[in-house]
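Asker: please find the sequence and the predicted model below.
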Amino acid sequence: MDGTRHLFFCILISILILVAGTFGYMAIEGWPFIDAIYMTVITISTVGFKEVNLVSQAGRIFTIVLVFCGVGFSLYVAAAVVQFMVEGRIRIILGRRRLDKKIDRLKNHYIVCGYGRIGRVLCRHLRKADIDVAVIEKSPERLAVMDEDNILYIADDATDENNLLKAGIKRARGLVAVLATNTDNVFLVLTARQLSPELFIMARASQRNAIIKLRAACANMVESPYVMGAMSMANRIIRPTVTSFLDLAFAQRSKDIQMEEIPVSAGSELVNIELKDSGIRQNYNLIIIAIKKPDGSMQFNPSFDAVIKPDDTVIAVGEASSLQKLEWALNPQAGVS
C-alpha cells in the first residue's frame, strides 16, 4: 500500500472510531449527540476534561474499550501523517537531485523554455528523434504533466540566467523559446545570446512586431504558429497531393518512405566523389533531392556530376533503413555512437 492510500485508510478508520464512540454513548447512556461526540473526542485525544455527565457501569466499560482502541489508533494515525509528510518531502528532494544530476550529464541537447501546448508537442517530437531535451517551466500546474511525461526539467523562471546555466546552456546544441508572452521570449533570447553567442536559438512569436524584435535580439529562427498553421491549411487546399507526400515523408512511423538530412563528415569515403560514382542510387536505393552547402546555399535536384564535399548536408528520400545506412557512410561518427 503506497503512502497516500495508507494515510487515507488511517483517516477513514479514525472517522469510523469517532462515529462508533459517539453512537455508543448515545445508545448506552442516552446522551444527546453533542454530549456523546464531545465525550468521544476528549477520550480519544486524552485531553482529560471531566465527564459531561455521570457514566454508568456499562458506559465505563465502553470508555475503557474506546481508550484502548481509539487512543492507540490515534497515535498510529499521527505517526502515519508524520511519515507521509517526511517521506513525501524526501521523495521530492531526492527526485529533484536525480533530475539535476541527469541534466548535468546532458551534452549537445536542446533547452525548451516553456511546456505549454507547443512546448509539450515539440519535446515529444524531439525525443522521438532521440534528441535530449531539458525543459525550464515555472508554472506549478505543469509540473505534474512533466513528471507524467518523464521530462528532465527545472521548475523555475527561464529568463533567469542562473536557470539557463543549470540547464547546461554552455553545452547545449540549441534553445527554443516558447514562453507564454512575446516579451518573455524576447528577454529570454537576449539573455541566452549573451550567455552563449554561438548557440542556435529558435523563438515563437504570436505577433508580427514580435518577429522583428526577436530577430533583432539575434534569434536564429523565428516562427509564428498562426502563420505556419494558416500556410499548412492553404497548402492542403491548393496542393493536397504534395502535402500528403510531405506528411508521409516526415512521419517517423512510416516505413515505406522518409525524408532525412544527413551531414557529411570529412572522414566519409564518399567525400569528393561525384554523385554518379557514389553508388547512392544503386547501393542504397535513395533519391538525393538537394545538397546544402556550408554557406547556406542549396543545390536542388543536383546533377550526376555534383560533388559531395565535407560539411555538406545531403537531403535524401527513401526507406528508413537505407537512410540509416547512408548516414553511416556519410557520417561515420554517427555509426560509432
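Answerer: Alright, I've got the coordinates.
Asker: ranges for the strands of this protein?
Answerer: Under the criterion DSSP state E, the chain contains strands at 110-113, 133-136, 152-154, 174-177, 200-204, 221-223, 258-263, 287-292, 298-300, 313-318.
Asker: so what secondary structure elements neighbour the fourth one?
Answerer: If you count contacts as 3 or more Cβ pairs under 8 Å, 6 or more residues apart in numbering; DSSP states H and E, strand 174-177 packs onto strand 110-113, helix 182-195, strand 200-204. Yep, even glycine has a C-beta here, placed from its N, CA and C like the rest.
Asker: and K138, backbone torsions?
Answerer: Recorded main-chain torsions at K138 are phi -100, psi -10, according to degrees, to the nearest 10.
Asker: how near is K138 to T183?
Answerer: Here K138 is placed at a distance of 15 Å from T183 (Cβ to Cβ, to the nearest Å).
Asker: my error: substitute L106 in the last question.
Answerer: Using Cβ to Cβ, L106 is found at 28 Å from T183.
Asker: contacts only, for the residue nearest to M259 when sequence neighbours are not counted.
Answerer: Spatial nearest neighbour of M259, chain neighbours left out: A249 (3.9 Å); criterion: Cβ to Cβ, 6 or more residues apart in numbering. Residues in contact with A249 (Cβ atoms under 8 Å, 6 or more residues apart in numbering) are 257-259, 317.
Asker: tabulate those residues (a markdown table), appending distance to A234.
Answerer: Converted to a markdown table, these look like this (distance: Cβ to Cβ, whole Å):
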| residue | distance to A234 |
| --- | --- |
| I257 | 24 |
| Q258 | 25 |
| M259 | 21 |
| V317 | 24 |
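Asker: let me know the closest of the residues you listed to P225.
Answerer: Set against P225, the nearest of the contacts of A249 by Cβ to Cβ is M259 (22.1 Å).
Asker: and the pLDDT for the closest one?
Answerer: With respect to pLDDT, M259 scores 85.
Asker: ok, the one 10 residues further on next?
Answerer: For E269, the model assigns a pLDDT of 90.
Asker: got it, and the one 10 residues further on?
Answerer: Among the per-residue scores, G279 holds a pLDDT of 88.
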